[in-house]
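>>> Model the structure of this input:
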Amino acid sequence: MLNLLRPLLVVWMYLLVSSHAAPRYNNGFFYHDIMNGDGNGEIYFNGVRLHVESPEPSVSAARGSNVTLPCHYRYEPEINGPRRTRVKWSWLPTNGASTTTHETDVMVAMGNRHRSYGSFQGRVRLRRAAPGDMSLVIKELHLNDTGRYRCEVIDGLEDESVTVELELRGVVFPYHSQKGRYHFNFLGAQRACEEQDSTLATFDQLFAAWEEGLDWCNAGWLADGTAQYPITTPREPCGGVDLAPGLRSYGQRHRHLHHFDAFCFSAAPKGTVYFLKQPQKFNFTEAVAACVDDGGHIAKVGQLYAAWRFMGLDLCVAGWLADGSVRYPIAKVHPNCGPSEPGVRHVGFPPQQQKYSVYCYR
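All right, here's what the predicted structure looks like:
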């Protein structure tokens with residue numbers, strides 16, 4: 001008798017389980033019951049689709065300012081009641097010298113609890129201006145904050161994300177060692193740019209500078225480990241006259257063994273670069289002390305370029321800078337002030353006993 005009932009028992013159990021199984025809908029999603037309440041501690045069917053969106057795929061800002069990276073999430077169809085939603089912002093830098101390709105955490109939040117990480121601690125928060133608004137607010141942007149940010153929203157078994165590129169408004173400039181051309185390996189180039197309040201430029205930053213007219217016939221390191229240089233007017237010493245204008249590339253180079261100049265990127269400074277008005281001129285040591293006595297410090301090359309580009313600093317007087325070079329900014333072409341195009345003129349690295357004026361920063 002028991003043997004006769006076993007097939008019926010199997011069929012009955014199959015029907016019982018099937019009646020509670022998660023159905024498959026014709027939209028391609030397979031839904032599950034999950035422990036996610038509707039505010040009354042009830043377990044309900046999670047038959048909604050999560051959407052995470054950003055109206056701005058890229059955002060541009062100035063160094064030292066506050067910026068908001070937009071991110072919103074919604075459900076389809078719309079639901080009522082709170083959800084136990086987790087939000088995570090992560091970051092992939094684009095101007096670093098590292099070969100690291102993984103994202104690092106910026107902030108994680110669930111409900112009213114949140115935690116920020118690394119250099120973002122104390123500088124980030126969620127805007128929460130409306131339901132579903134998980135936009136990231138970053139205070140006092142740093143030069144190294146550029147990159148791709150990912151907003152990830154996790155609700156039970158569903159996980160959706162969107163990315164926003166953060167760019168800083170800045171200027172690219174070529175830079176070489178006091179010893180002459182092609183003396184930097186990759187790490188040396190990185191360090192040289194940082195010492196001048198800059199970072200190694202990215203390919204996109206150099207390309208944008210070329211589009212704006214940068215023409216330079218000496219190869220320099222970029223942040224991705226390539227060596228390139230921008231040419232707007234083809235000529236024989238710069239790749240030949242038969243090549244079209246553009247970026248000339250040596251490709252990936254050995255970061256320790258190969259030596260080039262550097263292309264640095266500097267954003268708008270938070271302070272002010274100014275010419276120290278004094279009747280006398282200074283040797284380098286006196287110039288450093290004069291800026292300190294005036295309540296500032298001697299300006300760096302990246303700061304001078306940024307002041308020329310964004311503040312319109314224009315002065316046909318050569319002055320000392322922090323790296324021991326002598327330069328002056330020309331925003332409007334003047335007679336007897338060098339080439340016919342605006343730019344930062346480089347006198348060179350003279351002996352530090354020679355007398356010049358000085359550019360300060362505060």
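>>> How is the chain divided into domains?
Domain segmentation of the chain under automatic domain parsing yields 49-168, 180-267, 273-361.
>>> what is the rounded mean pLDDT of stretch 169-187?
In this model, stretch 169-187 has a mean pLDDT of 97.
>>> Could you report the neighbour count for the residue nearest to Ala209 when sequence neighbours are not counted?
Spatial nearest neighbour of Ala209, chain neighbours left out: Val172 (3.9 Å); criterion: Cβ to Cβ, 6 or more residues apart in numbering. For every residue, glycine as well, the C-beta is placed using N, CA and C. Counted with other Cβ atoms under 10 Å, the neighbours of Val172 add up to 25.
>>> Reformat the domains of the chain as a markdown table; add mean neighbour count.
As requested, these are exported to a markdown table (neighbours: other Cβ atoms under 10 Å):
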| stretch | mean neighbour count |
| --- | --- |
| domain 49-168 | 16 |
| domain 180-267 | 18 |
| domain 273-361 | 18 |
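>>> and the residue nearest to Ala209, bridged to which residues?
Beta bridges link Val172 to Phe265 when assigned by DSSP bridges.
>>> wait, it sits on Leu214?
Yes. With contact defined as Cβ atoms under 8 Å, Val172 reaches Leu214; the gap is 6.5 Å.
>>> longest single strand anywhere in the chain?
Longest strand in the chain by number of residues (criterion: DSSP state E): strand 158-168.
>>> hmm, back to that, pull up the overlap in contacts between Val172 and Leu214.
Contact criterion Cβ atoms under 8 Å, 6 or more residues apart in numbering; residues shared by Val172 and Leu214: Leu206.
>>> Tell me the first helix or strand C-terminal of whichever strand or helix holds Val59.
Here Val59 sits within strand 58-61, counting by DSSP states H and E. Downstream of strand 58-61, the first helix or strand assigned by DSSP H and E is strand 67-69.
>>> and that next one, which strands flank it?
When sheet partners are counted by DSSP bridges, strand 67-69 sits next to strand 136-138 (antiparallel).
>>> The strand it pairs with: what's the following helix or strand?
Next helix or strand after strand 136-138 toward the C-terminus (DSSP H and E): strand 147-155.
>>> Mean confidence (pLDDT) on that next one, please.
Mean pLDDT, computed over strand 147-155, is 96.
>>> Check whether Ala289 sits in a helix, strand or coil.
Each residue gets one of three states, and Ala289 gets helix by DSSP: H, G, I helix; E, B strand; the rest coil.
>>> next one: Val347
Using three-state DSSP, the structure places Val347 in strand.
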